[in-house]
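*Asks:* Mind folding the following:
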Amino acid sequence: MNFQVTVLKILVSYPGGFAGMADLKRDMAILATSGPDWAERTKRLAARVPDLDIFSQGLIERMNGGWRITDKGRAVLDVMEARHPAPETAIATAQVDASHPATSPPPLTVMARLGKGNRRQRRQAARERARAKAS
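*Replies:* Numbers count the residues shown, from 1 in each chain. As a prediction, this is how the structure comes out:
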């Protein structure tokens, strides 16, 4: 799992792009244990911006006991998530886009975006069926 990409994805899911350290740690733990799909996805995204450094590039800010994603961080994340960006143009586009922030849809929590709630409900229902069947 790529730590820096995961941090960007978590922060962008919070209102205002700010998350306290406890929230970040909790969401990181959820994603880290969600299986190989998340690790593979973050690896692919990170490969699109090989010299990614969220701290020195100003993609996030440390403030008030937590971290906040900047407009530049949102732009870089958008470039990473684009279907087929060329690596050279991805960084240039991110730098240009950071000066003209686009309006984005309202952020969702990590749980809602990844469908974790539904998966948990299905697992819980399956466990209950198995218990009933065993009785």
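*Asks:* Mind giving me the packing neighbours of the helix or strand hosting residue 41?
*Replies:* Per DSSP states H and E: residue 41 is located in helix 36-48. Applying 3 or more C-beta pairs under 8 Å, 6 or more residues apart in numbering; DSSP states H and E, we find helix 36-48 packed against helix 3-12, helix 71-81. Any C-beta I mention is one placed from the backbone N, CA and C, and that applies to glycine too.
*Asks:* Using CSV, list the CA coordinates for the last one.
*Replies:* When you say that, I think you mean helix 71-81. Extracted in CSV, the C-alpha atoms of helix 71-81 (Å, rounded to 0.1, in the frame of the first residue of the first chain):
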residue,chain,number,x,y,z
ASP,A,71,-5.8,22.5,-3.9
LYS,A,72,-2.5,21.3,-5.5
GLY,A,73,-3.0,17.9,-3.7
ARG,A,74,-6.5,17.6,-5.2
ALA,A,75,-5.1,18.4,-8.7
VAL,A,76,-2.3,15.8,-8.4
LEU,A,77,-4.8,13.2,-7.2
ASP,A,78,-7.1,14.1,-10.1
VAL,A,79,-4.2,13.6,-12.5
MET,A,80,-3.3,10.3,-10.9
GLU,A,81,-6.9,9.1,-11.3
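*Asks:* Flag every buried residue along it.
*Replies:* Residues 71-80 are the ones in helix 71-81 that count as buried (16 or more other C-beta atoms under 10 Å).
*Asks:* Would you convert the helices and strands packed on helix 36-48 into TSV that also reports distance to residue 54 and mean pLDDT?
*Replies:* Shown next, in TSV, are the helices and strands packed on helix 36-48 (distance: least, C-beta to C-beta, whole Å; pLDDT from 0 to 100):
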stretch	distance to residue 54	mean pLDDT
helix 3-12	5	92
helix 71-81	7	91
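*Asks:* Having no further points to raise, I will conclude here.
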